[in-house]
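Visitor: Got a predicted structure plus its sequence, pasted below:
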Amino acid sequence: MNRSVPLLFLNVFVVATCGLIYELLAGTLASYVLGDSVTQFSIIIGLYLFAMGVGSWLSRFIETELAERFIDIELAVAILGGVSAPLLFFAFASVSFFSIVLYGLVFGIGALVGLEIPLLMRILKDELDFKELVARVLALDYVGALVASILFPIFLVPTLGLVRTSLVFGILNGIVGLWGTWLLTPLLRPGRIVFLRIKGVFVITLLVIGAIKADSLTVLAEESLFQETIIHAQSSRYQRIVVTRGRTGFSLFLNGNLQFSSFDEYRYHEALVHPAMIAFEGDPKRVLVLGGGDGLAVREVLKYPSVEHVTLVDLDPAITSLATDLPVLAELNKNSLKDKRVTVVNSDAYVWLDRTDASGFDVAIIDFPDPNNFALGKLYSTRFYKMLRSKLRPDSTVAIQSTSPLYARNSYWCIVETLEASGFNVKPYQTTVPSFGIWGYVLAKGSEFETPGEIPADITLAFLDKDSMAGMFDFPVDTSRPDIELEINRLDNQALVRYYEAEWRRFE
Amino acid sequence: MFTRREILRAFLGLPIALAACKSASRTDAIDGRIVGASHDVGHILRDRRKFEVSADSWSDVNTVIVGGGIAGLSAAWNLKRKGFNDFLLLELEERAGGTSASGSSDLTAYPWGAHYLPVPFAQNTELVELLDEMNLVESRDASGEIVVPEQFLTRDPEERIYHKGRWYEGLYLYAGATEEDLRQYNAFYAEVGKWINWRDPEGRRAFTVPVSSCSTDAEATALDRISFAEWLRNKGFNSERLIWYCDYACRDDYGLTLGQTSAWAGLFYFCSRVPTAGEESQSFITFPEGNGRFVNHFVSRIKENLQGSSLVAEVIPGEEGAEVVYIDTKTNTARGIRAKNVIYSAPMFTAGYLIRGFNDSPPFVATEFKHNSWFVANLFLKERPKNRFERDFPLSWDNVLYDSPSLGYVTATHQKGIDYGPTVLTYYYPMAEEDTRLGMQKLLSLDWKELSDICLTDLERAHENIREATERIDIMRWGHAMISPRTGFIWGGEREKAQKPFRNIHFAHSDLSGIAIFEEAFHHGLRAAGEVLKQG
């Protein structure tokens, strides 16, 4: 036993390091996903220290088999601490009672860590003077804390990330437990040693598998994907929805693709909505918005006092609910989807157009995600545009978001030509949205029409005025219609999806 | 009777059976049944029972059409549009349609068999007239060929293939193909191209639709005397994936393996729908309900002349016309019709059983018309089948598994643009047995649970969630699904003989072409109706 003593002190050091790592992980993760780091760190540190106190106090109830209990606790901490980060990420994305899971986990780990040191001191008490024992154990405990707190921000988070750090320290904890079965052999009942070792190996294996598989966890992908704080995350039937907050405002991502950033979304949405509203001769009354479940295009539409009715068709009820329920988003879209004039329909726009009796819209605003798969590609086809035309009046105007004419020039012009092939007169236009780059739209109408000019006096805009409106319809050389013959996007060839794939792949 | 492993081995092969038998066959939560196709009533015919028709159960109709598949319906449609109304179509099943039958659920209609029609060339004027009548012709292009509205053409993504855990676009497995594989693939299409451009001294093509317009020149018809497998071998083709591709084509169109199919039929598949070598094959017209759309159109035109649940028991040719005895399967009573003409549009092998005196001096050998068996399962899913890899090629119209003896499945919601949530998948399995009778017995010996397990086990390899996602499986067993163009059949003489009337009985069926496709059935239906109209 005597020879093992220095090694047991090494154990104290590792245990202390692991303990603090778990605490830092929980604090970081909480402020990362919930925001407000001061509150989160404060609560988590306090709760964790309190839980350690509870653990220390509970240690008095452990009277026999100290070494065996110590190893058990070690393995329990390994599991709980090791899975803490992946578990919390997962819980955040999938359960509504995330804070209960968070604080419960912090308390559990804290209490177990709190049990460790008193037990270890009691195991060592026969080997050393009390004076020596207290001095060495506590000193090493605090050194471990220092090492952890320096390693964590400088090395662990940047290189391993939260999920791997958690799993790696869980493994370390597990190794300490397993190692303990050798160091503490004289104190263990011979019959129990094998069983403890099997438990130890099991725990370590489990965590190693977790560490290897960590990459395939969505949570890890998100962790590295989003540079900013996640303020909302959910998986709907159709897509993964994430809202982040950073220094310049907040952003919405669908399946990892940026939909808008609150910093410059007004540029995108003013350019999408107002040319079509102004190009309509007379006062637009009935407006159809396809896609755009975030309510931001509708916000622009509702600026026109003549608008009597807006029909918004968006596939995903999770998005349209978010637009009214997430305070930051509802504030940004000025509660547009709650306006009495707005009817929200959750359906695939293709299926909706095919079945609906609604018609006679003055203006249609089309704000679908880029055509990066076949299910979206059909929403840019001649069939789709012909169905749309049948729901409009001869003098109705349409605006379509049409990806970037710079990054995906063929795709953009393919959309333009598909609209022409569907019987629309078109006026392509583009503008700059810093979050996206150079962005393209198409203004379309059944009959010949003039480029929109004057913005009505009662409409207040942050981006467009008469001159900038006119300027959008000029295409510089690098974004103008290419010389090659482009295919028309039809349901039975989906040429657009193939152009888009080829063009955007260059930037991946 | 058989163990699960034995059944899976017989239908899916040993490796799949072994892998599957490690997991349990969970079908308990899945609803469904075997539907349609009256095998029991059908086999009454073989027993040659005599049926007494009471004197007051006789009626007179100018023309009786026996069998309401596409051939019989086309004949009826043609009579009707020529202003001829004195006819009655007798169909064994409650609803007409034959192997173009379809069903429907709240979500979508779905096929029970045939599910597409390649866009016909303008020269097939009568078929174009049908499409015109169904509003399927939008315009004509510069060369006069018809343009079909895009929503009726198979929507891209059209086809994908599953191989070793992943889905790839298309039906030919490009992934992992060696240079030699690709060389052979191109060489194969060069051979096909030669036959596409081939013309006989009279300027006829070797392969075109209908078969009756094909050249009878010996150079072309000689291809019928060897199997497609032999033809490929003779040309030096041995690339595994090319052989698979051709074998799949034979199983898909004919329910036969490469070795069973005549080389003429094999090349017909690749050549008949291509205008000139190097051009794209004609696009497919398709609907959620498959060719059920054509059936429903025909039925809407001839409703009052159509009588379902009528099992024709005997056709008795006389001096003036023929008597047709049939059983109303709803009341189980025998009835008779005295007709001037009969259009016989049931499968040809039944002629010997149904036509009195046929076997005394057979005009053709009815037993030469061999049919194979299929089963078709419609799987009703509450959610989409998941791919193992997110970036795999997505769910398509036609989804084929490379190492499966099945033909994979067609997605019924695809054409409607419904890309999320519940769907219906139609799974096809041909019994490509050497002995067709054995194939049918094997098929009929299995119950719903066993057949469901075969299709789930097959699909589970590609879609881990298939058992959880499936709520219901309905299965149709086609005992005599379609004519088999086995080596020697198409140009062997029997089918040409059968195109001539036997006394006042005019035969009309795709059997007479040796190729079970819509166009052939339609052609013979119109031909037979024309013969009747000529006689008045």
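Guide: Good, I have the coordinates.
Visitor: Quick check: residue B:167 is in a helix.
Guide: No. Residue B:167: not assigned to a helix; according to DSSP: H, G, I helix; E, B strand; the rest coil it is strand.
Visitor: give me every residue that touches it.
Guide: With contacts taken as Cβ atoms under 8 Å, 6 or more residues apart in numbering or on different chains, residue B:167 has the following neighbours: B:160, B:161, B:387, B:392, B:393, B:394, B:399, B:462. Quick note: C-beta positions are derived from backbone N, CA and C, even for glycine.
Visitor: how many other residues sit next to residue A:418?
Guide: By other Cβ atoms under 10 Å in any protein chain shown, 26 other residues sit near residue A:418.
Visitor: likewise residue A:100?
Guide: Residue A:100 sits with 11 neighbouring residues when counted by other Cβ under 10 Å.
Visitor: name the element it belongs to?
Guide: Element membership of residue A:100, judged by DSSP states H and E, is helix A:98-124.
Visitor: mind listing what's buried in that helix?
Guide: A:98, A:101-103, A:105-124 (16 or more other Cβ atoms under 10 Å in any protein chain shown).
Visitor: so what's residue B:247 closest to, chain neighbours aside?
Guide: residue B:258 (4.2 Å; Cβ to Cβ, 6 or more residues apart in numbering or on different chains).
Visitor: Tell me the residues of the stretch 101-250 of chain A that contact chain B?
Guide: For the stretch 101-250 of chain A, the residues in contact with chain B under the definition Cβ under 8 Å from any Cβ of the partner chain are A:237, A:238.
Visitor: quick one on the thing from earlier: adding distance to chain A, write the contacts of residue B:167 out as CSV.
Guide: Rendered in CSV, the data for these read as follows (distance: Cβ to the nearest Cβ, whole Å):
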residue, distance to chain A
B:160, 11
B:161, 16
B:387, 13
B:392, 12
B:393, 9
B:394, 6
B:399, 13
B:462, 18
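Visitor: For residue A:436, state which of those is nearest.
Guide: Distance from residue A:436 was checked for each of the contacts of residue B:167 by Cβ to Cβ. The minimum falls on residue B:394, at 25.3 Å.
Visitor: Helices of the stretch 401-508 of chain A, start to end?
Guide: Defined through DSSP state H, counting those that start in this stretch, the helices belonging to the stretch 401-508 of chain A, from first to last, are A:409-421, A:466-471, A:495-505.
Visitor: Ok, the stretch 51-200 of chain A next?
Guide: With DSSP H, counting those that start in this stretch, the ranges of helices along the stretch 51-200 of chain A come out as A:66-82, A:84-94, A:98-124, A:130-151, A:157-159, A:161-183, A:190-213.
Visitor: Tell me the gap between stretch A:8-19 and the middle of its chain.
Guide: Relative to its parent chain, stretch A:8-19 has a centroid offset of 35 Å by Cα atoms, centre = their mean, to the nearest Å.
Visitor: now the chain, which segments are flagged as low pLDDT?
Guide: Chain wasn't specified; assuming chain A. By pLDDT under 70, the weakly predicted segments of chain A are A:1-4, A:32-37, A:92-96, A:215-228.
Visitor: that answer is for a different chain, and I need it for chain B
Guide: For chain B, residues meeting the criterion pLDDT under 70 lie at B:1, B:21-27, B:37-50, B:536.
Visitor: how does it divide into domains?
Guide: Here the domain assignment for chain B is B:4-35+B:371-483, B:41-101+B:290-366+B:486-535, B:175-282, based on automatic domain parsing.
Visitor: Identify the residue spatially nearest to residue 339, adjacent ones excluded.
Guide: Going with chain A. Nearest non-adjacent residue to residue A:339, counting by Cβ to Cβ, 6+ apart: residue A:302, 5.8 Å away.
Visitor: The chain in question should be chain B.
Guide: The spatial neighbour of residue B:339 that comes closest, neighbours along the chain excluded (Cβ to Cβ, 6+ apart), is residue B:64 at 4.4 Å.
Visitor: Is the one you found bridged to anything, and to what?
Guide: Counting by DSSP bridges, residue B:64 forms beta bridges with residue B:88, residue B:342.
Visitor: you'd agree it is up against residue B:340?
Guide: No. Between residue B:64 and residue B:340 there is no contact under Cβ atoms under 8 Å: 9.2 Å.
Visitor: Please say which of the two ends up with more neighbours.
Guide: For residue B:64 versus residue B:340, the count of surrounding residues by other Cβ under 10 Å is larger for residue B:64: 26 against 17.
Visitor: Contact partners for residue B:334?
Guide: Counting by Cβ under 8 Å, 6+ apart, residue B:334 touches B:51, B:52, B:53, B:54, B:57, B:313, B:325, B:326, B:327, B:328.
Visitor: roughly how far apart are the last one and residue B:51?
Guide: Spelled out, that is residue B:328. Distance of residue B:328 to residue B:51, given as Cβ to Cβ, to the nearest Å: 11 Å.
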